[in-house]
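**Student:** Below is the sequence, then the predicted model.
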Amino acid sequence: MTKVKRGAFIMVDGIDGSGKGTVVDAYGAWAKQKQLTVFDVRAYAKGSGKLPQPADWQDADLLLSAEPTHAGVGRVIREEIVHDNGRDYSGYVTAEAFSLDRLILYKSVILPALAAGKTVVQERGVSSSIAYQPAQGKVTLQQLLKLEGNAFALKFRPDLLLITVCPPDVCMRRLQARTKKQDKAIFEKRAFLAKLDKRYRSPWFINLFQKRGSVVGFLDTNDTFQETQQESVGYINDFLTKV
């Protein structure tokens with residue numbers, strides 16, 4: 001049976017429509033093909049409205065996660081705060097909500113899973129807040145980093161932060177073509193995605209994680225769906241064999 005590195009934390013991030021979910025799903029599918037046991041925190045929370053307990057994932061080799069969560073604060077974020085409903089929550093309020101959702105997820109799932117030797121592959125995280133909320137406005141990077149959930153997440157930074165890179169115009173076409181997953185998020189605007197793309201590529205952003213011990217990598221997802229799947233699995237497995 002193929003094994004994955006025990007206790008590794010991999011975060012996949014990037015602008016909307018850049019293929020983050022495709023990368024996470026592809027690695028989960030690969031793991032199942034290799035007869036590894038996969039527990040999908042996302043699906044569990046969607047179905048139950050709550051986050052799983054250790055007993056739910058204790059037999060898994062790999063956990064798949066995402067932020068915001070689909071439970072509690074995370075559900076409110078998805079359905080109200082970042083939903084394009086015209087109510088315009090500020091960047092600071094949005095950052096506070098993400099920070100709290102993050103703190104709950106880390107304390108209840110991520111850290112216990114890593115301590116138990118599980119590998120966690122997660123879509124989005126504190127890196128998203130660092131990119132998005134200052135660009136959204138009414139919150140500075142310094143204010144954001146002081147929020148408890150963000151400071152906590154940076155203390156337990158990902159081993160690998162993998163940034164999916166794709167031109168904003170391509171990402172917008174993908175978002176507009178979606179039939180099953182229509183988030184209608186306030187961030188799905190071409191100009192805003194272009195601003196975010198620059199932030200993710202900025203030296204200060206990369207250094208913020210590297211100086212804390214994270215490996216930061218970039219994956220070109222401006223390929224076919226199948227090519228992105230293959231390349232993402234190869235990239236993650238290459239990383240896991242080296243750590």
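**Tutor:** Received the coordinates, thanks. Residues are numbered from 1 along each chain as shown.
**Student:** pLDDT at Phe225, what is it?
**Tutor:** For Phe225, the model assigns a pLDDT of 88.
**Student:** so who does the closest residue to Arg78 other than its chain neighbours touch?
**Tutor:** Ranked by CB to CB, 6 or more residues apart in numbering and with sequence neighbours excluded, the top spatial neighbour of Arg78 is Pro68, at 5.7 Å. Just so you know, the C-beta spots here come from the backbone N, C-alpha and C atoms, and that holds for glycine as well. Each residue near Pro68 by CB atoms under 8 Å, 6 or more residues apart in numbering is listed here: 74-75, 77-78, 82, 97-98, 101, 124.
**Student:** and which of those is nearest to Val23?
**Tutor:** Set against Val23, the nearest of the contacts of Pro68 by CB to CB is Arg124 (11.4 Å).
**Student:** Count the residues that sit near the closest residue to the closest one other than its chain neighbours.
**Tutor:** What sits nearest to Arg124 in space, not counting adjacent residues and going by CB to CB, 6+ apart, is Glu67, at 4.4 Å. Burial of Glu67, expressed as a neighbour count using other CB atoms under 10 Å, amounts to 24.
**Student:** confidence score at Glu67?
**Tutor:** Checking the pLDDT column for Glu67, the value is 98.
**Student:** Could you do the one 5 residues further on as well?
**Tutor:** Looking at Gly72, its pLDDT reads 96.
**Student:** Could you do Lys242 as well?
**Tutor:** The pLDDT attached to Lys242 in the predicted structure is 81.
**Student:** wait, doesn't Leu160 sit right on Ala8?
**Tutor:** Yes - at 7.4 Å, Leu160 and Ala8 qualify as touching, with contact defined as CB atoms under 8 Å.
**Student:** Find residues that contact each of these two.
**Tutor:** The contact sets of Leu160 and Ala8 overlap at 239, 243 (CB under 8 Å, 6+ apart).
**Student:** What's the per-residue pLDDT of Lys5 here?
**Tutor:** The predicted structure scores Lys5 at 59 on the pLDDT scale.
**Student:** For stretch 140-154, what does the pLDDT average out to?
**Tutor:** For stretch 140-154, the mean per-residue pLDDT is 97.
**Student:** Just the helices from the protein, written as ranges.
**Tutor:** Taking DSSP state H as the criterion, the chain contains helices spanning 20-33, 41-48, 54-57, 73-76, 91-105, 111-115, 126-136, 141-146, 148-155, 168-177, 190-201, 203-210, 225-242.
**Student:** Could the C-alpha coordinates of the fifth one be exported in CSV?
**Tutor:** Written as CSV, here are the backbone C-alpha positions of helix 91-105 (Å, rounded to 0.1, in the frame of the first residue of the first chain):
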residue,chain,number,x,y,z
GLY,A,91,-12.8,43.9,5.3
TYR,A,92,-12.3,44.0,9.1
VAL,A,93,-15.6,42.3,9.9
THR,A,94,-14.9,39.7,7.2
ALA,A,95,-11.4,39.1,8.6
GLU,A,96,-12.7,38.7,12.1
ALA,A,97,-15.2,36.1,11.0
PHE,A,98,-12.6,34.1,9.0
SER,A,99,-10.2,34.3,12.0
LEU,A,100,-12.7,32.8,14.4
ASP,A,101,-13.8,30.1,11.9
ARG,A,102,-10.1,29.3,11.4
LEU,A,103,-9.3,29.1,15.1
ILE,A,104,-12.2,26.6,15.7
LEU,A,105,-11.1,24.5,12.7
